[in-house]
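1. Predicted model, plus sequence, below.
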Amino acid sequence: MVVGADGVRSIRVRPPGGSHSGLGTSGVKANFGGHRLGGPLGRIRVTTRQSSRPFRIRWLGRVRYRDALALQRRIHANAVSLPKTQDHLLLLEHHPVYTLGVRSSLDNLLMPPDEVGADLEWADRGGDITFHGPGQLVGYPLLHLPGKRGGGMADTVAYVRSVEQLVIDVCCDLGLTDVGRLPRYPGVWVEPDGPRPRKVAAIGVKLNRSRTMHGFALNLDPDLAFFDRMVPCGINGLGVTSLASEGIDATMRQAVDLVAERAAERWADGPVDRADVAWVHRPGDLSAFSRGEGAESKPELSRKPEWMRVPLRTGPEYLRLKSTMRARNLTTVCEEAGCPNMSDCWNDGTATFMINGERCTRACGFCLVDTRRPDGLDLGEPGRVAEAVADMGLRHAVVTAVARDDLADGGAAAFVATIAAIRELNPDTAVEILIPDCKGDPDALQLLFDSRPEVLNHNIETVARLQRRVRPSASYARSLSVLARAGAEGLTTKSSIIVGLGETDEEVDACLADLAAVGCDIVTIGQYLRPTVNHLKIDRWVDPTIFNRWVDVGRALGIGHVEAGPLTRSSFHARQAAEAVGASPLVGQRKSVALTIHPG
């Protein structure tokens, strides 16, 4: 495995028959689509087709189970829509959660989860109850399997054995050698032939149309007390253990690296790419702004590339729109975020309205929006936005908001009220909303989905490795799950990437692949501009030819419309982008949503 910085990694997939010191041997011999399970590498291919497909490995850090499940489901469902088949392996830790499979009984949960600080979630996988939490490596392979004996149905037993063998081999690599299978009980067991077998890894999978979901959970060093509050996997009389309890000192990163390499050897049927969120979180990695030191002064003037120079044109339409905003006491993100396209867009008679106040509860390292304590909500704001849309004669209105983590619904109800007000006065206007993640709260997000905006935009902002540094209160996996949920609801989805923050071109490619995997319809990519000296520094000026390349990469991946250029921002050419993917006013699909907005 070729390991560079914490970004995209290249894993060399050895040809069949190659050698690797320290790899355990497989004791399983089974036919798997014409390839043998087992052999010196325990290697199989998951397809017999001649064409290769990417195998994308992602380390996502700590992720709530509901977010990971939404992400899995969308990648699984959307796979048939992509121009080229892809396989994925999602690696992560979960916040404490008890999960119940399709055959689970609540009788196997011995006390309420909230009493021990855990969630409870139902899952559409096999198996009974299990626990996930910190210190446990969870892997979700999303693979395309060949049909058994050339038919359409995959060999489920062979696949489960393949997952078990991967975990067995990783345990051996880490020094835990007396591990294997226990008849009738899926999973990986320590001393399976001894008097006291105990489970070190749980296996629970789902196969649908020869595509896989769910996977394995390997106990490195979780709090085993959580397992005492249930009957693990519904099996009485058999214990649970961890690598740490067996005397194996292994870090999460060591385990992830081994699983990634083993999985590539076993399952990859084409190029392998890996992207990790940051492994180490240091306060010094954050901007001074994100550390709470305020915005301070603008950076010193420096020579920008010719392509970044934007003339300020304050024509009559610009002045009219500015007057409309001031008269109605409205805020635009154009002004608050210092958008370089402001005069261009305003002279074209378009703008992005920012609701829920001018103060944000987060402090992203690239954003100029005020972070002082937010004021209460303005209940008259939705009506004034609707009137401004009417005054301007907009065919496509964009509404965004500051993050409001101080509100129970993250500000979702105000979005819904604004959409309703716009549509009441402007029934033929398409509405695009650019939303925060609402902390991933399912009820808040469902409010937004039920309002049926023509476009739902949620920005991922940067590549996996830089998420913590660029937006410390957000999460790469959570943002993907928001887009995944919206896409599953049948909405046109959109996201944006800022470049010049320290990413590589290949990392942007990987991010585009992840957005395509969840069915994102529109992506914008633009150059970062440093708003003040306390914000993140500009790492590079990206050449326009690279933006043109990303347009081609995104389209090849199956993204319907990619708007990329040095001056592109999330709402730039929003109407044209929506029309390009066929997002027109959804008059017949709109729902009535009952809600109450509190002034705060």
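-> Perfect, thanks for sending it.
2. From now on I want contacts and neighbour counts done on CA atoms only, so please keep to that.
-> Noted.
3. which residues in the stretch 501-600 of the chain form helices?
-> With DSSP state H, counting those that start in this stretch applied, the stretch 501-600 of the chain shows helices at 505-517, 544-557, 574-580, listed in chain order.
4. residues contacting the nearest residue to R56 once chain neighbours are set aside?
-> For R56, ignoring the flanking residues on the chain, the nearest one in space by CA to CA, 6 or more residues apart in numbering is H88 at 4.7 Å. Taking CA atoms under 8 Å, 6 or more residues apart in numbering as the contact definition, H88 lies against 55-58, 141-143.
5. Try it again at 10 Å.
-> Contact partners of H88, counting by CA atoms under 10 Å, 6 or more residues apart in numbering, are 54-58, 72, 75-76, 140-144, 212, 267-268, 272-274, 514, 517.
6. thinking again about what came up before, looking at the helices of the stretch 501-600 of the chain, which is nearest to P232?
-> In this view, the helices of the stretch 501-600 of the chain are compared for proximity to P232 by CA to CA, and helix 505-517 is the closest at 33.0 Å.
7. how close does the nearest residue to A477 once chain neighbours are set aside get to R274?
-> The spatially closest residue to A477, leaving aside those adjacent along the chain, is L60, at 6.2 Å (CA to CA, 6+ apart). Using CA to CA, to the nearest Å, L60 is found at 11 Å from R274.
8. next one: E381
-> When CA to CA is the yardstick, E381 and R274 sit 45 Å from each other.
9. One more: A68?
-> Distance of A68 to R274, given as CA to CA: 18 Å.
10. Tell me, how many residues neighbour N329?
-> Residue neighbour count, defined by other CA atoms under 10 Å, stands at 11 for N329.
11. typo on my end, P305
-> Residues near P305, counting by other CA under 10 Å, number 10.
12. and it, what are its phi and psi?
-> With angles defined as degrees, to the nearest 10, P305 shows backbone torsions of phi -60, psi 150.
13. re the thing from before, quick one: secondary structure of the residue nearest to A477?
-> strand (DSSP: H, G, I helix; E, B strand; the rest coil).
14. For it, grab the count of nearby residues.
-> Counted with other CA under 10 Å, L60 comes out at 22.
15. There's contact between it and S479 in this structure, I believe.
-> No: in this structure, L60 is not within contact of S479 by CA atoms under 10 Å, at 11.4 Å.
16. Most tightly packed of the helices of the stretch 501-600 of the chain?
-> Ranked by mean neighbour count under mean count of other CA atoms under 10 Å, the helices of the stretch 501-600 of the chain are led by helix 505-517, which reaches a mean of 22.
17. Buried residues of the lengthiest helix in the chain, list them for me.
-> Secondary structure assigned by DSSP state H gives helix 156-174 as the longest helix of the chain. Neighbour-count burial for helix 156-174, with 16 or more other CA atoms under 10 Å as criterion, is recorded at 156, 158-174.
18. just stretch 498-507 next, same as before
-> Of the residues in stretch 498-507, those scored as buried under the neighbour-count criterion (16+ other CA under 10 Å) are 498-501, 503, 507.
19. now V385, what's its secondary structure?
-> Recorded secondary structure, V385: helix (three-state DSSP).
20. residues contacting it?
-> Applying CA under 10 Å, 6+ apart to V385 gives the contacts 325, 328-331, 353-355, 391, 397, 399, 418-419, 421-422.
21. Which of those residues fall within helices?
-> Within these, residues falling in helices by DSSP H are 325, 391, 418-419, 421-422.
22. In PyMOL, how would I select just the buried ones from those residues?
-> Selection command for PyMOL covering only the buried members of those, criterion 16+ other CA under 10 Å:
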select buried, resi 325+418+419+421+422
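23. how far away is the most far-flung residue of the chain relative to its centre from E358?
-> Relative to the mean C-alpha coordinate of the chain, counting by CA atoms, centre = their mean, the farthest residue is P195 (43.5 Å). To E358, P195 is 65 Å away according to CA to CA.
24. Kindly report the same for R404.
-> R404 sits 10 Å away from E358, going by CA to CA.
25. shared neighbours, these two?
-> Between them, R404 and E358 share the neighbouring residues P374, with contact defined by CA under 10 Å, 6+ apart.
26. Verify the stated contact: A414 with V402.
-> No: here A414 does not reach V402: they are 11.5 Å apart, not a contact under CA under 10 Å.
27. where do the contact lists of the two overlap?
-> Taking CA under 10 Å, 6+ apart as the contact definition, A414 and V402 share the neighbouring residues 355-356.
28. before we move on, the earlier item: distance from the longest helix of the chain to the middle of the chain?
-> Offset of helix 156-174 from its chain centre (CA atoms, centre = their mean, to the nearest Å): 26 Å.
29. what's the single longest strand in this structure?
-> Using DSSP state E to assign secondary structure, the strand with the most residues in the chain is strand 198-208.
30. got the contact list for the closest residue in space to L176 that isn't next to it in sequence?
-> Counting by CA to CA, 6+ apart, I248 is the residue found nearest to L176 once chain neighbours are left out, at 6.9 Å. Contacts for I248 were tallied using CA under 10 Å, 6+ apart; they are 171, 174-176, 220-221, 242.
31. Scan those residues and report the most crowded one.
-> When neighbours are counted by other CA under 10 Å, C171 leads those with 29 neighbours.
32. about what we covered before: need the contacts of I248 in CSV (columns: distance to A201 and pLDDT).
-> Below are the contacts of I248 laid out as CSV (distance: CA to CA, whole Å; pLDDT from 0 to 100):
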residue, distance to A201, pLDDT
C171, 10, 98
L174, 14, 98
G175, 15, 97
L176, 12, 97
L220, 9, 98
D221, 12, 98
S242, 8, 98
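33. which of these sit farthest apart?
-> The widest separation within the contacts of I248 (CA to CA) is 14.8 Å, between G175 and D221.
34. Tell me what angle the longest helix of the chain forms with strand 198-208.
-> 140 degrees (axes from the mean of the first three to the mean of the last three CA atoms, to 10 degrees).
35. And helix 156-174, what does it pack against?
-> strand 30-32, strand 35-37, strand 179-182, strand 185-190, strand 198-208, strand 211-219, helix 252-267 (3 or more CA pairs under 10 Å, 6 or more residues apart in numbering; DSSP states H and E).
36. Restricting to C-alpha, output that helix in CSV.
-> This file holds the C-alpha atoms of helix 156-174, laid out as CSV (Å, rounded to 0.1, in the frame of the first residue of the first chain):
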residue,chain,number,x,y,z
THR,A,156,-25.0,-15.1,0.0
VAL,A,157,-23.2,-17.8,2.0
ALA,A,158,-20.1,-17.3,0.0
TYR,A,159,-20.2,-13.6,0.5
VAL,A,160,-20.7,-13.8,4.3
ARG,A,161,-17.7,-16.2,4.3
SER,A,162,-15.7,-13.7,2.3
VAL,A,163,-16.5,-10.9,4.9
GLU,A,164,-15.6,-13.2,7.8
GLN,A,165,-12.3,-14.2,6.1
LEU,A,166,-11.3,-10.5,5.6
VAL,A,167,-11.8,-9.9,9.3
ILE,A,168,-10.0,-13.1,10.3
ASP,A,169,-7.1,-12.2,8.2
VAL,A,170,-6.9,-8.7,9.7
CYS,A,171,-7.0,-10.2,13.2
CYS,A,172,-4.1,-12.4,12.3
ASP,A,173,-2.2,-9.5,10.8
LEU,A,174,-2.6,-7.7,14.2
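37. and the longest strand of the chain, what does it pack onto?
-> strand 129-132, strand 136-142, helix 156-174, strand 179-182, strand 185-190, strand 211-219, strand 239-240.
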